[in-house]
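>>> here is the input, now give the coordinates:
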Amino acid sequence: MGLFKKKYQDERVTIEQNKIYREIYILIYLICLGSVVYKMVNFGIEIEHVATEMIIFLVAGIYYGIRSTQKGLFSSEVEMHDNRSKWSFQTKNIFLGVVFGVLIALFFGFNSAFRFADSTSEAVSYFFITFGASMMFYIPFLVVFIVVSYSIAKNRSDKAIEKQLEDAEE
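Sure thing, here's the model as predicted:
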């Protein structure tokens, strides 16, 4: 089984290759972002036009999260972040969940007011009803999703680090 044998390389070469891969990753993200902006300007804000780019963004983020957790990098990244920042990683994530929930609620509120209202009083009413309902749904959902995914990732990453340390001691 020569296919899966580990091939040893010069560490300098590996580091340089990783820098190139990182640059390619950023380049692909920028191209996708440019494509999203271009399509939204030319075709309007419809998910059908940018679905492929959104899938690329989502899958890349999920893949990175899973792999960094499996390798034990997530715990190290959290620890480095917590040492550098005055806000802990989890606090920042909860804050971002609340902010995204408010932004989504504002978007849906304004969308409802502009698209479906016939008068100003109806628009104000539609905005506050939709905004309030969206806030009640999206903020708890996003905060719980972020906290649960963070806890699972941190736990698995800590276990991966413990396993690596046990393997190194043997």
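
>>> for the helix or strand harbouring E79, name the packing helices and strands.
Using DSSP states H and E, E79 maps to helix 73-84. Under the contact criterion of 3 or more C-beta pairs under 8 Å, 6 or more residues apart in numbering; DSSP states H and E, helix 73-84 touches helix 47-70, helix 89-116, helix 120-169. The C-beta positions use only the backbone N, C-alpha and C, and glycine is treated the same way.

>>> in the chain, which residue sits furthest out from the middle?
S119 (38.5 Å; C-alpha atoms, centre = their mean).

>>> ramachandran angles for that one?
With angles defined as degrees, to the nearest 10, S119 sits at phi -140, psi 170.

>>> any idea how far it lies from Y150?
45 Å (C-beta to C-beta, to the nearest Å).

>>> what pLDDT does the spatially most central residue of the chain get?
By C-alpha atoms, centre = their mean, the chain has its centre lying nearest to G61, at 5.6 Å. At G61, the model reports a pLDDT of 87.

>>> residue contacts, it?
Residues in contact with G61 (C-beta atoms under 8 Å, 6 or more residues apart in numbering): none are found.

>>> give me the contact list for stretch 117-130.
A105, F108, G109, F110, N111, S112, A113, F114, F116.

>>> what's the closest of those residues to G44?
N111 (12.8 Å; C-beta to C-beta).

>>> not counting its neighbours along the chain, what's nearest that closest one?
T130 (7.8 Å; C-beta to C-beta, 6 or more residues apart in numbering).

>>> next one, pLDDT for that neighbour please.
Looking at T130, its pLDDT is 95.

>>> rewinding a little: mind putting the helices and strands packed on helix 73-84 in JSON lines, distance to G34 included?
Listed next are the helices and strands packed on helix 73-84 as JSON lines, based on distance: least, C-beta to C-beta, whole Å:
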{"stretch": "helix 47-70", "distance to G34": "9"}
{"stretch": "helix 89-116", "distance to G34": "22"}
{"stretch": "helix 120-169", "distance to G34": "27"}
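
>>> which sections of the protein are below the confidence cut-off?
Within the chain, the segments meeting pLDDT under 70 span 1-9.

>>> go with 50
Along the chain, the parts satisfying pLDDT under 50 run over 1.

>>> run a quick neighbour tally on the residue lying closest to F110 once chain neighbours are set aside.
Spatially, and ignoring its direct neighbours in sequence, F110 is nearest to F127 (6.6 Å; C-beta to C-beta, 6+ apart). Look at F127: counted by other C-beta atoms under 10 Å, it has 19 neighbours.
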